[in-house]
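> Turn this into a structure:
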Amino acid sequence: MTVNLPEIVSREEWLEARKALLAEEKRYTRERDALNAERRRLPMVEIDKRYVLRGPQGELGLVDLFEGRRQVVVYHFMWLYDTGSGCPSCSAFADQIGHLSHLNARDTTFACISNAPIEQIGAFKARMGWTFPWYSSAGSDFNYDFHVTFDESRAPFEYNYRSKRELEHAGVPVGGWEQPFDLHGLSVFLRDGERVFHTYSAYARGTDNLGFTSDLLDLTPLGRQEEWEEPKGRASAFGAPAGSARIRYHDEYDA
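Next up, the predicted model:
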């Protein structure tokens with residue numbers, strides 16, 4: 001495979017190329033700011049269904065997730081039913097969750113929710129050493145209504161606002177998925193007293209900018225070292241062994 005390696009140039013030539021890219025980066029920043037403003041202008045939907053969730057201390061409702069704050073951001077943590085554990089990619093994101101006081105100070109709570117028994121969630125959370133809130137939606141419609149757990153006996157299939165037919169037409173092979181089956185996502189809710197409103201949800205690569213690992217790798221010449229990235233084969237050209245970039249649990253990487 002012919003790999004397009006970075007060109008070696010003088011400092012002056014590099015500076016010229018870097019300034020040209022900086023103009024594009026600034027344009028993207030302005031476009032991102034405008035997109036964020038449009039996101040804030042989205043209408044919202046009142047949640048009128050009662051969901052019973054479970055935490056370490058017992059049952060709770062959706063309004064309890066806010067912990068008295070005005071907003072809550074929920075990460076839909078994909079669960080692997082065959083192993084009784086969270087998925088490695090979601091776990092890599094969870095490893096990046098920092099001190100939640102910075103969110104809390106802005107009237108915002110963060111929590112994860114999975115369609116799994118709270119006992120399994122607690123055991124996996126302890127293994128990973130995490131302290132953020134993580135609740136179980138098992139036995140409720142929550143994951144099905146927000147289209148992150150798929151069981152067509154419970155709800156029509158939809159992911160990232162597409163039906164199974166639309167996904168297959170786009171080249172996403174969904175026909176072989178066993179059910180129930182999970183994928184990841186993120187949802188945002190706003191509270192007014194006891195009333196809860198759904199304001200936003202994102203799925204698939206719509207959650208790309210969560211955390212910092214992917215964003216940091218995007219700044220590097222080897223990138224995320226995933227097969228879909230261009231230029232192809234960049235990491236292997238620099239001696240990275242095949243499959244070395246595969247996401248694992250943090251206690252499974254070689255030293």
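
> three-state assignment of Ala23?
helix (DSSP: H, G, I helix; E, B strand; the rest coil).

> how many neighbours does it have?
Using other CB atoms under 10 Å, the number of residues around Ala23 comes to 9. Just so you know, the C-beta spots here come from the backbone N, C-alpha and C atoms, and that holds for glycine as well.

> tell me the strands in the stretch 1-150 of the chain, going along the chain?
For the stretch 1-150 of the chain, strands defined by DSSP state E, counting those that start in this stretch occupy the ranges 45-46, 53-55, 58-60, 71-76, 79-80, 85-86, 108-114, 134-136, 149-150.

> Show me what the closest residue to Val74 other than its chain neighbours is bridged to.
Closest residue to Val74 apart from its sequence neighbours, by CB to CB, 6 or more residues apart in numbering: Ser187 at 4.8 Å. When assigned by DSSP bridges, Ser187 has beta-bridge partners Val74, Ser201.

> where does the protein have low pLDDT?
Counting by pLDDT under 70, the chain contains low-confidence residues at 1-4, 175-178, 235, 237-245, 254-255.

> re the thing from before, let me see the contact set for the residue nearest to Val74.
Val73, Val74, His76, Phe146, His198, Tyr200, Ser201 (CB atoms under 8 Å, 6 or more residues apart in numbering).

> Spatially nearest residue to Arg234, not counting backbone neighbours?
That would be Leu222: by CB to CB, 6+ apart, it lies 5.6 Å from Arg234.

> again, but for Cys87
Sequence neighbours aside, Met78 is the residue nearest to Cys87 in space, at 4.1 Å (criterion: CB to CB, 6+ apart).

> how near is that neighbour to Ile113?
The gap separating Met78 from Ile113 is 11 Å, by CB to CB, to the nearest Å.

> Comparing the two, which residue is more hemmed in?
The residue with more neighbours, out of Met78 and Ile113, is Ile113; 26 against 21, by other CB under 10 Å.

> from memory the more buried one sits against His76, does it?
Yes - at 6.2 Å, Ile113 counts as touching His76 under the criterion of CB atoms under 8 Å.

> on that earlier part again, now the residue nearest to Arg234, what's its secondary structure?
Applying three-state DSSP: Leu222 is coil.

> Counting neighbours, what do you get for it?
14.

> pretty sure it is touching Ser236, no?
No - judged on CB under 8 Å, Leu222 makes no contact with Ser236 at a distance of 9.7 Å.

> Okay, Met44 and Val196: tell me how far apart.
Met44 is 10 Å from Val196, by CB to CB.

> who touches both of the two?
Counting by CB under 8 Å, 6+ apart, the residues touching both Met44 and Val196 are Leu190.

> more crowded one of those two?
More crowded of Met44 and Val196, by other CB under 10 Å: Val196, with 21 against 13.

> what helix or strand does that one sit in?
Assigned by DSSP states H and E, Val196 belongs to strand 195-203.

> quick one: contacts of that strand?
By CB under 8 Å, 6+ apart, strand 195-203 touches 39, 42, 44-47, 62-63, 66, 146-148, 159-161, 183-191.

> re the thing from before, now the contacts of Ser187: which count as buried?
Val73, Val74, His76, Phe146, His198, Ser201 (16 or more other CB atoms under 10 Å).

> Apart from its neighbours in sequence, what residue is nearest the fourth one?
Which is Phe146. Nearest to Phe146 is Ser187, by CB to CB, 6+ apart, at 5.7 Å.

> Could you do Gln71 as well?
Using CB to CB, 6+ apart and skipping residues adjacent in sequence, the residue nearest Gln71 is Thr108, 4.3 Å away.

> May I have the residues that are in contact with the nearest residue to Leu103 once chain neighbours are set aside?
Excluding the flanking residues, the one nearest Leu103 by CB to CB, 6+ apart is Phe110, at 5.5 Å. Going by CB under 8 Å, 6+ apart, Phe110 touches Val72, Val73, Tyr75, Ile97, Leu100, Leu103, Phe132, Pro133.
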